[in-house]
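Undergrad: I need the structure of the sequence given here:
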Amino acid sequence: MSEKDVEVKQIATNVVDSLAAIEESFRLAKLELLKKENELFKPLYAKREKLTSAVPHFWSTVLSVEDELLDFIKEAEADLLKSCTSFRVQKLDDDPRNFTISMSFSRNAYLENTSCNFIKNFKFDGGRLTSRAVALDWRDGKNLVQRAAEQDRLSFFSLFSFVGMAAEVDEMDIDEDDPQLILEDMAMLLVDEVYPHALSYFTDALLPPQTPAESPHIGAIDTSGAETPSMALESMTTSFLDAQERVSASKSMEDGVPIGAGKSHKLSSASQAIEPYARDVSTALPDFLAQHRRESIESFNELKMVSENEAQFLLFLASYGHVKRVLEIGCFTGYSAMIFAHAGAEEVVTMEIDPELASFAKLGIHRAGLSEAVKVVVGDAHKTILDKQSVQGKFDLIFIDAEKSGYLDYIKVILERDLLSRERGIIVADNTLRRGCVATLEMPVRHHTAESHAEKMKNDEFESGVHDIRRFNDFVKNSDVLESVLMPAWDGCTLLRYKKIN
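TA: Got it, this is the predicted structure:
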């Protein structure tokens with residue numbers, strides 16, 4: 001090699017080394033920018049989390065909006081995500097390219113623990129994302145990852161089984177349909193797009209699609225792609241307050257404040273104060289009932305039990321009537337069954353289809369010292385009420401507070417089997433106005449395009465239940481043997497008894 005060639009080679013080597021040094025400087029500069037960004041964003045994400053923790057189904061809404069996640073979130077996944085109370089991405093301080101994804105869930109039908117928290121660590125290794133599999137504690141027969149695999153697809157929760165691809169695998173040899181590559185892309189989508197822009201996803205889900213008339217006119221400045229955090233937060237807050245107004249209206253209907261169904265209706269401070277005032281001036285419930293109610297609220301997502309003021313009414317009614325035998329259709333956590341036993345009932349037969357709810361009810365009943373009086377029958381009430389061993393004799397009080405589609409069948413069986421005492425028996429049917437919708441058949445306003453599958457099913461069930469209760473009310477009204485009064489209190493409460501023969 002000539003002296004000139006050596007000199008050229010040395011220059012080339014020096015240039016390559018210099019370029020490599022510059023490339024390393026770029027890498028370090030980018031890393032420092034990521035660290036600074038992480039430092040600035042951390043307190044903002046914390047503030048956002050504090051705000052959104054009060055928004056029902058915030059993360060299930062966010063995750064269901066991203067189109068690229070739709071293939072991974074089917075009906076069952078959407079149902080489980082409804083119980084997601086927290087979704088968090090945390091980038092590591094020393095190297096923000098590495099991160100954790102954590103999710104928390106309240107009690108649900110899929111995961112074993114009452115309160116579940118799963119943390120998944122991700123690390124860049126040789127230019128590829130790697131991790132260790134995290135085992136989710138699935139209930140028997142409820143493993144959504146396994147169920148998805150049997151359907152030859154990936155579940156959203158397959159992400160927790162992601163381990164990554166070996167760094168030495170050549171890019172040319174990677175199959176684009178490789179599950180590990182798909183899960184890596186999902187992880188990066190969550191980290192780079194979904195989590196940082198969660199507010200935008202949420203507001204997109206809440207706001208109805210624009211019609212041409214609502215779209216910006218020609219020549220107008222289009223800012224739709226430049227939503228600032230403050231704009232997103234303002235939009236989210238407005239939507240949330242509207243949602244809270246609907247929730248407050250629903251709660252007030254449950255507690256005895258009539259409202260116009262399906263219409264925007266601001267409740268006055270006086271209206272909102274009625275139920276608490278009525279509760280406070282009525283005879284207080286015993287401490288063990290208040291404690292059981294709190295524990296029920298803490299343990300279960302849906303509150304399917306009577307309000308405190310209605311509990312006071314049931315206690316008064318059962319006590320005043322010297323009720324000795326009670327049949328309850330719909331136990332939930334045993335709250336109302338405990339009310340009847342405390343009122344002096346010597347035998348309360350209560351039915352619950354969910355074994356876990358039944359176990360929770362039995363524990364509360366035992367702690368209250370009411371086990372001898374209350375019998376919890378586990379099973380479908382439609383079958384239990386026909387079982388002459390489980391349900392026999394006549395009852396002084398029958399309380400119906402179960403699925404609304406069954407009310408008409410229940411009342412027919414009660415009459416056919418002659419389960420109600422003819423002398424002084426009374427039937428109490430709860431939720432016979434359904435937020436006032438039964439009276440008008442006007443349903444609450446729905447944003448169908450923003451509904452998740454689970455929300456659609458729940459809303460469809462509510463609307464169907466309105467018609468079911470309307471048929472029940474009509475049957476009672478036209479009965480030759482029953483007389484009744486429907487009280488426009490709480491969510492509607494109907495009292496029935498046999499007609500007196502003159």
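Undergrad: what about Val145, which helix or strand?
TA: helix 144-150 (DSSP states H and E).
Undergrad: cool, and Ser359?
TA: helix 355-367.
Undergrad: What is that helix packed up against?
TA: On a contact count with 3 or more C-beta pairs under 8 Å, 6 or more residues apart in numbering; DSSP states H and E, helix 355-367 meets helix 287-299, helix 335-342, strand 347-352, strand 374-378. Yep, even glycine has a C-beta here, placed from its N, CA and C like the rest.
Undergrad: Which SSE is immediately downstream of the first one?
TA: Past helix 287-299, further along toward the C-terminus, the next helix or strand under DSSP H and E is helix 308-320.
Undergrad: Just the CA atoms of that next one, as CSV, please.
TA: Presented in CSV, the C-alpha positions along helix 308-320 are these (Å, rounded to 0.1, in the frame of the first residue of the first chain):
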residue,chain,number,x,y,z
GLU,A,308,-80.3,4.6,53.1
ASN,A,309,-83.7,6.4,53.2
GLU,A,310,-85.5,3.5,51.5
ALA,A,311,-83.7,1.2,54.0
GLN,A,312,-85.3,3.3,56.8
PHE,A,313,-88.7,2.9,55.1
LEU,A,314,-88.4,-0.9,54.8
LEU,A,315,-87.2,-1.2,58.4
PHE,A,316,-90.2,0.9,59.5
LEU,A,317,-92.7,-1.1,57.3
ALA,A,318,-91.5,-4.5,58.5
SER,A,319,-91.3,-3.5,62.1
TYR,A,320,-94.8,-1.8,62.1
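Undergrad: Determine the set of other helices and strands touching the helix or strand following that helix.
TA: Once helix 308-320 ends, the next helix or strand along the chain (criterion: DSSP H and E) is strand 325-329. Using 3+ C-beta pairs under 8 Å, 6+ apart, the elements in contact with strand 325-329 are helix 335-342, strand 347-352, strand 397-400.
Undergrad: if we go to 10 Å?
TA: When contacts are defined as 3 or more C-beta pairs under 10 Å, 6 or more residues apart in numbering; DSSP states H and E, strand 325-329 sits against helix 335-342, strand 347-352, strand 374-378, helix 381-384, strand 397-400, helix 407-416, strand 426-430.
Undergrad: looking at the ones you listed, which is closest to Glu275?
TA: strand 426-430 (15.5 Å; C-beta to C-beta).
Undergrad: model confidence over that closest one, on average?
TA: Average pLDDT, strand 426-430: 93.
Undergrad: Tell me how far it lies from the chain's centre.
TA: 29 Å (C-alpha atoms, centre = their mean, to the nearest Å).
Undergrad: by contact count, what packs against that strand?
TA: helix 308-320, strand 325-329, strand 397-400, helix 407-416, helix 453-477, strand 482-487, strand 493-498.
Undergrad: neighbouring contacts of stretch 294-302?
TA: Here stretch 294-302 makes contact (C-beta atoms under 10 Å, 6 or more residues apart in numbering) with 56, 82-83, 85, 105-108, 114-115, 303-305, 332-335, 354, 356-357, 360-361, 363-364, 367, 458.
Undergrad: if we can go back for a sec, for the helix holding Val145, which positions count as buried?
TA: By 16 or more other C-beta atoms under 10 Å, the buried positions in helix 144-150 come out as Leu144, Val145, Arg147, Ala148.
Undergrad: So which residue is dead centre in this protein?
TA: Geometric centre of the chain, nearest residue: Lys82, 4.1 Å, by C-alpha atoms, centre = their mean.
Undergrad: Turn the helices and strands packed on strand 426-430 into a markdown table, including mean neighbour count.
TA: Shown next, in a markdown table, are the helices and strands packed on strand 426-430 (neighbours: other C-beta atoms under 10 Å):
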| stretch | mean neighbour count |
| --- | --- |
| helix 308-320 | 20 |
| strand 325-329 | 25 |
| strand 397-400 | 25 |
| helix 407-416 | 18 |
| helix 453-477 | 17 |
| strand 482-487 | 14 |
| strand 493-498 | 19 |
